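>>> Got a predicted structure here, sequence first:
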Amino acid sequence: MGTRKEMKKRARSTVLHHYGILLAVCLLAAFFGTEFADSLDFVNLSTKSKTKTHEKILIDNTIESQGNELLHVVKEVLKGNLEQGEQEANIIKKNAVESSKESGNKVLGRSRGHLAEIVNGVTSGSIFVKIVRIFYQIGLSKDAIIGIVVIVIMTIIVGFWFLIKNTYKAVARRIFLECRTYERVTPQRFLFFIKARKWINVCVNMLMQYIFYFLWSLTIVGAVVKRYSYYMVPYIVAENPDIHWKDCINLSRKMMNGHKFECFVYELTFLWWDILGIVTLGLTDLFYANAYKTAFFSEYYTKIRSLAIENNIENTSIFNDIYLFEKADTNLLKEKYADVIKIREEVEIEPQYKGLRGFIEKNFGITLHNRPDEERFQTEKERELAVIAAEAAVEGKAYPDRLSPNMITQKKERPLKIHYLRRYSVASLIFMFFIFSFLGWTWEVSIHLFKRGIFINRGVLHGPWLPIYGSGGILILVLLYRLRKWPILEFLATILICGVVEYFTSYYLELTKGMRWWDYSGYFLNLNGRICAEGLFVFGVGGMALVYIVAPIIDSLFRRVNAKFTIIICIVLLTLFISDQIYSSKYPNSGKGIAKKVNTSVQLNMKS
């Protein structure tokens, strides 16, 4: 079962091998205020420092002033002075826009763009005014509106506490218990209770523990004793999220009979870490001690659990998740994951082409033409996806969901219907370049048609295409080919590529033509007016849709067309595009709403 020294040794090993995810678990706990809140003392101290610069004092005063103004708007609206509140909100918004222009900080522009409108609307209170106005329009009284606002605010606060803050402790214990047994624990394990469809039941268990402990805390003895009586509740729920709250609390009480003082002594053994945490303002707690303590008491729960089973105390059948504490037999894993193993064995190794052809196909996913073996390659790649999620469990390196006593065992990995791990032929990429360029042109023309009510042919070229969209789309498909298995990395890399392409395209056009075809000056979070945060976010989302949905569908349709006909289509499109490029290099598309001349420092620097 292990001595205290052995348990601490295993706890240190757990933290060492899973430091990243356990640090994230503890950071979130401190952020939510579930536990370890004192670990953020160094942050609070730094914000309260008296040695502030003049700029920081000005910023703090501005924030405080805006907060007071916003509060005043809310008060006026709730009093029934809707017009007065709206006027004050508009003044706050106007001052914020003018202040952003005068500050010279172009990155935090507040005068243009959807993101700036959202920021201005929230900080000025104008969004709140609009919501209340809707309530008035449907005939609600002032008292009813105040009641609705109070109910909404209380619902948000109580809902957050019930669904997240008070429940997160059990989520954290689940991850710590998996980390002590398995080598691979991914961030997806945060969602274990949701996948098991037991999140609400876990919330109820943690709520009842809180209520009972609160009532006992009204007595001095109860505050101390019941702290240790209910000590195992989060661990029991982490193991069996289907448990009834009465059984959970009773089982924790029985488990801790004769072990309360022992648990207290074990806590005292971390006293030096607590003192060090005070000296370092919580830094040592934040980056190590919190995870170390929790890992140790996860070992302690395992020990007490084993003793409870040995002593045959009542309701030990609740301990039903055997493979949370020990690895499954290899033969059992092979039996439960037979379909995955079969798929893995059947996945053929793709032919390895040498030289330049092999390098391009392997790293960029480009093939010269749609060979007969490409369809087989797509199918094999798709079946490979079914293996990825369960591979670690098959090897005994991750918790086997199919052996879990919870409903998650009913869900099996299903291959995706859209083959996004495919390679694209040169002809297909050319065709998609023009589709993306046309969609981009349609998007921008539609925006101006909606805003101004007039048709404006956007872009440098005269044809119905914006090559910046086509180029960006193809670069995402080609340069990020090897990241498609990891959507988060794909998303971040897409934003990076789109930002680079858009920024330097703007720079090049300004340098060569002396005009800007887009300008994000005044947008919230922009860089020299060439790129902005909300635009890059839209490109990121659009890029994900392109990689995982749009491009595979277009390519599948394109493959059905006769190969000779596809070549003719590509030649015709390229001829028209090149002709437009040649003509537009001398007579670029320009005019009101299309581009504007700028006295650019770029050209001046080049001339000098």
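Thanks, I have the structure now.

>>> And the pLDDT at residue 11?
Looking at residue 11, its pLDDT is 95.

>>> what's the domain layout of this structure?
4-34+166-324, 54-161, 330-363+375-410, 424-607 (automatic domain parsing).

>>> can you redo those as TSV with mean neighbour count?
For every residue, glycine as well, the C-beta is placed using N, CA and C. TSV is the format used below for the domains of the chain (neighbours: other CB atoms under 10 Å):
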stretch	mean neighbour count
domain 4-34+166-324	18
domain 54-161	15
domain 330-363+375-410	15
domain 424-607	17
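
>>> And these, which one averages the lowest pLDDT?
domain 54-161 - the lowest mean pLDDT of the domains of the chain, at a mean of 68.

>>> Surely residue 521 touches residue 529?
Yes. Counting by CB atoms under 8 Å, residue 529 is a contact partner of residue 521 at 3.8 Å.

>>> Find the nearest non-adjacent residue to residue 217, please.
For residue 217, ignoring the flanking residues on the chain, the nearest one in space by CB to CB, 6 or more residues apart in numbering is residue 223 at 4.3 Å.

>>> Please tell me how far the one you found sits from residue 215.
Distance, residue 223 to residue 215, by CB to CB, to the nearest Å: 10 Å.

>>> tell me which element the residue nearest the centre of the chain is part of?
Centroid-nearest residue in the chain: residue 488, 7.9 Å away (criterion: CA atoms, centre = their mean). Using DSSP states H and E, residue 488 maps to helix 487-513.

>>> what helices or strands is that helix leaning on?
helix 467-479, strand 515-516, strand 531-532, helix 533-545, helix 601-607 (3 or more CB pairs under 8 Å, 6 or more residues apart in numbering; DSSP states H and E).

>>> gap between that helix and the chain center?
The chain centre lies 22 Å from the centre of helix 487-513; the measure is CA atoms, centre = their mean, to the nearest Å.

>>> next one: stretch 211-222
For stretch 211-222, the distance to the chain centre is 39 Å (CA atoms, centre = their mean).

>>> Also stretch 191-203?
That offset, for stretch 191-203, works out to 19 Å (CA atoms, centre = their mean).

>>> what do you get for stretch 194-210?
Worked out by CA atoms, centre = their mean, stretch 194-210 lies 23 Å from the chain centre.

>>> Output it as PDB - backbone C-alpha positions only.
The C-alpha trace of stretch 194-210 is given here as PDB (Å, rounded to 0.1, in the frame of the first residue of the first chain):
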ATOM      1  CA  ILE A 194     -19.500  15.400 -20.300                       C
ATOM      2  CA  LYS A 195     -18.700  12.400 -22.500                       C
ATOM      3  CA  ALA A 196     -20.000  10.100 -19.800                       C
ATOM      4  CA  ARG A 197     -23.100  12.300 -19.600                       C
ATOM      5  CA  LYS A 198     -22.700  12.600 -15.900                       C
ATOM      6  CA  TRP A 199     -21.700  16.300 -15.500                       C
ATOM      7  CA  ILE A 200     -24.900  17.400 -13.800                       C
ATOM      8  CA  ASN A 201     -24.800  14.400 -11.400                       C
ATOM      9  CA  VAL A 202     -21.200  15.400 -10.500                       C
ATOM     10  CA  CYS A 203     -22.400  19.000  -9.900                       C
ATOM     11  CA  VAL A 204     -25.200  17.700  -7.600                       C
ATOM     12  CA  ASN A 205     -22.700  15.600  -5.600                       C
ATOM     13  CA  MET A 206     -20.300  18.500  -5.100                       C
ATOM     14  CA  LEU A 207     -23.200  20.800  -4.200                       C
ATOM     15  CA  MET A 208     -24.500  18.500  -1.500                       C
ATOM     16  CA  GLN A 209     -21.000  18.200  -0.100                       C
ATOM     17  CA  TYR A 210     -20.700  22.000   0.100                       C
END
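
>>> which residues are in contact with that stretch?
Identification of contacts with stretch 194-210 by CB atoms under 8 Å, 6 or more residues apart in numbering yields 162-163, 166-167, 169-171, 193, 230, 233-234, 237, 241-243, 245-246, 248-249, 401, 404, 406-408, 411.

>>> 7 Å - rerun?
162-163, 166-167, 169-170, 193, 230, 233, 237, 241-243, 245, 248-249, 406-408 (CB atoms under 7 Å, 6 or more residues apart in numbering).

>>> Please apply the same query to stretch 292-302.
7-8, 10-12, 14-15, 172-173, 176-177, 180, 232, 235, 266, 270, 325.

>>> elements contacting the helix or strand harbouring residue 6?
Element membership for residue 6, per DSSP H and E: helix 4-17. With contacts taken as 3 or more CB pairs under 7 Å, 6 or more residues apart in numbering; DSSP states H and E, helix 4-17 sits against helix 168-181, helix 290-310.

>>> moving C-terminal of the first one, what's the next helix or strand?
The element immediately downstream of helix 168-181 (helix or strand, assigned by DSSP H and E) is helix 192-195.

>>> and after that next one, which helix or strand comes next?
Sequence order places helix 199-216 as the next helix or strand after helix 192-195, per DSSP H and E.

>>> I appreciate the help and will end here.
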